[in-house]
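1. here you go, sequence then predicted model.
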Amino acid sequence: MEKVKLPIHEHPLLPITRFFSSRGCNGCGSKGYIYGGYRCNELGCETPSFHKECAESLPEITHSSHPDHPLKLQLNDKVSACNQCGIELVEEKWIYMCSICDFKLDLHCAKEAERSHQHEHPLKLTNVLSTIKHYERFFKWRECKTCDFQFFYGELCYECFECKEAFHEECAKFFPEANHSSHPQHPLKFLSFEAAPDYVDERCLLCEEKFDQGSFALISKTFHHCDVCNFSICTACMKNPPPVLVESPTTHEHQLHLVPRHMYFICNACGRVGGHSPYFCVQCNFMIHRQCIDLPRVININRHDHRISYTTRLGHGKWICKVCRNEVDGFYGAYTCVKCPSFAVHSRCATREDIWDMIELEGMPDEDDEVAPFEVIDDNTIKHFSHDHNLQINKDGHFQILLVCEACVLQILSEPFYSCKQCNFILHEKCANHPRKKRHVYNNLPFTLLISDGEVYQCWLCSQDFTGFRYKSGLSMNIDVRCAAISDTLEHGSHQHSLYYSSNLSKRCNRCEMMKPVYRCDECDYGLENQCALLPNKVMRIRYDDHPLILSFGDTNVASEYWCEACETKVNPKEWFYTCNDCGTTLHISCVVGDFSYIKPGSRSSLYKNTKVVSNTSSCRPICSGCNSRCKLLSVLKISKALDDVYICSLQCLRNYIFLRGGNRYVDLR
C-alpha cells in the first residue's frame with residue numbers, strides 16, 4: 001500500500017491489516033494489540049505504531065471535558081499534564097489543546113466520554129497520580145467502589161467528584177456485565193479470578209494470556225465470563241476486541257472469520273500448532289493465527305545479508321530454520337532467500353522484534369548489491385576505500401612477525417596481505433574483503449564499516465578494548481571486525497559440533513567459567529563467550545620460540561606437567577594453552593593475549609590520562625608497576641611521567657596502580 005502523510009507522525013505511515021502486539025499506540029499510549037491501523041516504516045523509528053482512529057485524529061474536536069471552546073490537534077510545546085487525567089504530557093507529543101484557556105487533553109482522554117456506570121452522577125476519567133497530591137481525598141477512596149481492590153499508583157480511573165468515589169476504568173465500563181463482539185449470544189460477567197468457578201479455563205480464549213499473569217491485567221486479576229457457554233476472555237481483549245471479519249488480500253484471497261473457541265489447528269501461514277480462536281476461511285479450509293495475518297512480504301533480518309521473502313510454501317526438502325535451527329515444514333508458509341536456495345526461516349522467527357528490523361521492503365529497490373570495499377586495479381593491486389594509495393598483494397608465505405593489520409590489529413604471520421609501497425599501511429587479504437555494510441545477530445539494525453580514527457573503543461560483544469576497523473550500528477554500538485566476521489555460526493577447534501549464537505546468558509563459558517556464553521552447541525551443553533571463541537589460533541613470540549605457537553584446547557589424557565616459558569609456572573594440560581608443535585614450548589593464554597593485545601602500538605587512550613599502548617618486543621622487558629613482575633605480553637600500557645616512565649601489563653594492574661596513587665583514574669600521573 002501507499003504510505004500516507006498524517007500530522008500525527010513525522011514520517012509517512014503505512015496502513016496495515018496486520019494484528020500485532022506492540023509497545024503500544026504512540027498516539028493514545030494504550031498498550032496491547034493493535035488491529036490494523038498504521039505503522040511507521042522508517043528504519044530505527046522508536047514510535048512505529050498507531051491505532052487507525054489515533055492516526056486519523058481530527059484537526060479539531062469539541063469535548064465534554066471542555067465544552068466552552070473547541071480543541072485543536074497540535075504538538076505539545078512544553079512538559080505539562082493532561083487536564084483530565086493528570087498524566088504528564090511530554091514535548092513533541094500530539095495533543096488536543098484550547099488556544100484560549102491553555103486546556104490540554106491527551107488522545108486517550110479525547111476518545112473517552114463521561115460514563116454513567118449506573119451511577120447517579122457523571123464519572124470523569126482521572127489519574128491516581130494526580131489525586132495523591134490531595135492526600136485526604138485519595139485516602140478516603142483507596143479502593144475501587146465496585147471490586148474493592150486498590151488502585152495502582154498512577155492508574156487511570158473514573159471518579160465521581162460528588163460522592164468522592166472512584167472506579168477502575170474496566171469496572172466503570174464492564175461491571176456487572178457487558179456484551180462482546182466475539183460472543184454475541186450472551187453478555188459476559190465481570191469477575192475476579194479469585195471468585196471464578198473451578199471449571200473456568202486459566203487462559204483467555206482469544207489471546208491465551210493467563211488471567212493471573214497477563215501483561216495488561218489489573219492487580220485484581222479480573223476477567224469476563226459467560227457461565228452458559230464457559231466462555232472467558234481477559235480484560236485486555238474485552239477492552240480491545242479482535243475483529244470478527246478480516247479482509248487481508250496479501251494473506252488470503254477470501255474473507256477470514258474469527259472462530260472464538262478451543263480447537264486444534266495448524267496455521268497455514270507459519271506451520272505452528274494452535275489451540276485457540278483461529279481465523280478461518282469457509283471456502284477453502286484455510287486457518288491462521290491472528291498474529292500471522294498480513295505477514296510482511298519482503299524483509300531484512302539480522303541472520304542474513306540478503307533480503308528474504310515470504311512464501312506460502314517451501315516445497316519438498318529438508319529445511320532448517322536459520323534462527324531457531326529447528327525443522328521448517330515445507331508445506332506451510334516461511335521465509336526464504338532468492339540468492340541462497342537452501343536458506344529458510346520460520347515465519348514467526350523471522351518477524352521477531354529482535355530479528356527483524358521492522359521495515360517492509362516490498363516495492364523498494366534492492367540494495368544488496370552494494371559497492372565493494374575495494375576497486376581492482378590489476379591482478380596484484382587494489383584501491384581500498386580505507387587508504388589513499390594502491391595496495392599490492394603479498395602471498396610469499398614468509399612469517400611477518402612485526403607487521404600488524406590495520407583492520408584487526410593482529411600479526412600478519414604467513415597469511416596473504418595487502419601492503420602500501422608508499423607507507424606502512426597493511427591489511428590481511430581477508431580483512432580487505434570485509435563488506436562496507438553487513439547484518440549481525442547482535443542488533444537488528446545494519447552495521448557500517450568504519451576505518452580507524454585513532455581512538456580506542458570497547459567492543460560490545462567481547463568487551464575488549466581495540467583500535468583498527470569497527471562496525472557501527474546506531475549511535476554508539478561498536479563491534480570489532482573479529483567479532484563482526486562471525487554472525488551466527490562458529491566452527492571452533494575446541495568442539496566437535498557447530499556453535500550458534502545464543503542470547504541465553506544463564507550458562508557458563510566452558511573455558512573461562514564466565515556467565516556470558518554467546519555461542520552454544522545445540523547438541524550438548526557446551527558454550528563459549530566471545531573473548532574465548534575468538535582467541536587467535538596462531539601467534540608468534542620470537543622471544544620464546546622461532547616457530548608459530550598454536551592454540552591448544554587441552555588434552556585430558558596427558559598426565560605430565562607443562563611449564564610456561566613466559567611466567568615459569570605450571571600449565572594445566574587439560575586447559576587451553578599455546579604450544580609449539582615443533583619444539584614443545586608452552587605458554588599460558590594470559591601470557592600471550594592480554595587486555596592491550598588488540599590496540600595498535602602507539603595508540604593513545606582517552607580512558608586513561610597520559611597513557612599509550614607500546615610494543616614490548618625488546619630483549620629487556622619493563623617491570624609492571626601494578627604487579628611488580630616483568631611484562632610478558634607483546635603490548636603494554638606506558639604512562640609518561642616527568643622523571644621515569646611507568647609500564648602496566650593489564651587493566652587489573654592499572655587499577656592496582658591507580659588505587660595506590662589515590663583511587664582516581666584521572667589523577668595526574670605525570
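-> Received the coordinates, thanks.
2. what ranges does the stretch 351-500 of the chain have for its helices?
-> Assigned by DSSP state H, counting those that start in this stretch, the stretch 351-500 of the chain shows helices spanning 429-432, 481-484.
3. in TSV, list those helices along with mean pLDDT.
-> Formatted as TSV, the helices of the stretch 351-500 of the chain follow (pLDDT from 0 to 100):
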stretch	mean pLDDT
helix 429-432	94
helix 481-484	93
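4. the ones you listed: which one's closest to Thr47?
-> Thr47 lies closest to helix 481-484 among those, at 29.1 Å (Cβ to Cβ). Glycine gets a C-beta too; all of them are placed from N, C-alpha and C.
5. counting by contacts, list what the closest one packs against.
-> Contact here means 3 or more Cβ pairs under 8 Å, 6 or more residues apart in numbering; DSSP states H and E; on that basis helix 481-484 packs against strand 470-473.
6. which residues touch the strand it packs on?
-> By Cβ atoms under 8 Å, 6 or more residues apart in numbering, the residues outside strand 470-473 that reach it are 438, 440, 442-443, 445-450, 452, 457, 459, 478-481, 484.
7. and for stretch 324-336?
-> Contacts of stretch 324-336 (Cβ under 8 Å, 6+ apart): 266-271, 292, 295, 299, 301, 308-321, 343-347, 349-350, 500, 522.
8. what's the end-to-end length of it?
-> Start-to-end span of stretch 324-336 (Cα to Cα, to the nearest Å) is 15 Å.
9. which residues of the stretch 101-250 of the chain score low on pLDDT?
-> 113-119, 127-142, 148-149, 152-155, 212-221 (pLDDT under 70).
10. save the helices of the stretch 351-500 of the chain as CSV, and put in mean neighbour count and distance to Ile377 too.
-> Formatted as CSV, these follow (neighbours: other Cβ atoms under 10 Å; distance: least, Cβ to Cβ, whole Å):
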stretch, mean neighbour count, distance to Ile377
helix 429-432, 20, 13
helix 481-484, 23, 23
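11. what's around Leu534, how many residues?
-> Using other Cβ atoms under 10 Å, Leu534 has 25 neighbouring residues.
12. please apply the same query to Thr126.
-> 21.
13. wait, what's in contact with the spatially closest residue to it that is not a sequence neighbour?
-> Counting by Cβ to Cβ, 6 or more residues apart in numbering, Thr126 lies nearest to Glu159, which is 4.7 Å off, once chain neighbours are set aside. By Cβ under 8 Å, 6+ apart, the contact set of Glu159 is Leu123, Lys124, Thr126, Thr131, Glu165, Ala166, Phe167.
14. most surrounded residue in those?
-> Going by other Cβ under 10 Å, Ala166 tops those with 27 neighbours.
15. quick check, that residue in a helix?
-> No. Counting by DSSP: H, G, I helix; E, B strand; the rest coil, Ala166 falls outside a helix, being strand.
16. surely it touches Lys145?
-> Yes. Ala166 lies in contact with Lys145 (Cβ atoms under 8 Å); the separation is 6.6 Å.
17. did I read that right, the residue nearest to Thr126 in a strand?
-> Yes. Residue state for Glu159 (three-state DSSP) corresponds to a strand.
18. now it: how far from His66?
-> Glu159 is 17 Å from His66, where distance means Cβ to Cβ, to the nearest Å.
19. what's the closest of the contacts of Glu159 to Gly584?
-> The closest of the contacts of Glu159, once distances to Gly584 are taken by Cβ to Cβ, is Thr131, at 78.7 Å.
20. quick check: domain ranges of the chain?
-> Using automatic domain parsing, the domains assigned to the chain come out as 13-55, 176-239, 245-292, 298-350, 374-432, 593-670.
21. switch those domains over to CSV; also include distance to Lys516.
-> Listed next are the domains of the chain as CSV, based on distance: least, Cβ to Cβ, whole Å:
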stretch, distance to Lys516
domain 13-55, 26
domain 176-239, 28
domain 245-292, 31
domain 298-350, 19
domain 374-432, 22
domain 593-670, 17
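22. which one, of those, ends up nearest to Glu561?
-> domain 593-670 (19.8 Å).
23. distance from the closest one to the middle of the chain?
-> 36 Å (Cα atoms, centre = their mean, to the nearest Å).
24. out of the contacts of strand 470-473, which are buried?
-> Neighbour-count burial (16 or more other Cβ atoms under 10 Å) is assigned, among those, to 438, 440, 442-443, 445-447, 449, 452, 457, 459, 478-481, 484.
25. farthest-separated two in these?
-> Leu445 and Ser452 (22.4 Å).
26. surely His547 meets Cys583?
-> Yes. Using Cβ under 8 Å, His547 is in contact with Cys583, at 6.3 Å.
27. of all the domains of the chain, which lies closest to Ser99?
-> That would be domain 13-55 among those, by Cβ to Cβ, at 20.8 Å.
28. let me know the outermost residue of the protein.
-> Glu120 (50.3 Å; Cα atoms, centre = their mean).
29. show me the contacts for it.
-> Glu120 makes no contacts at all, as judged by Cβ under 8 Å, 6+ apart.
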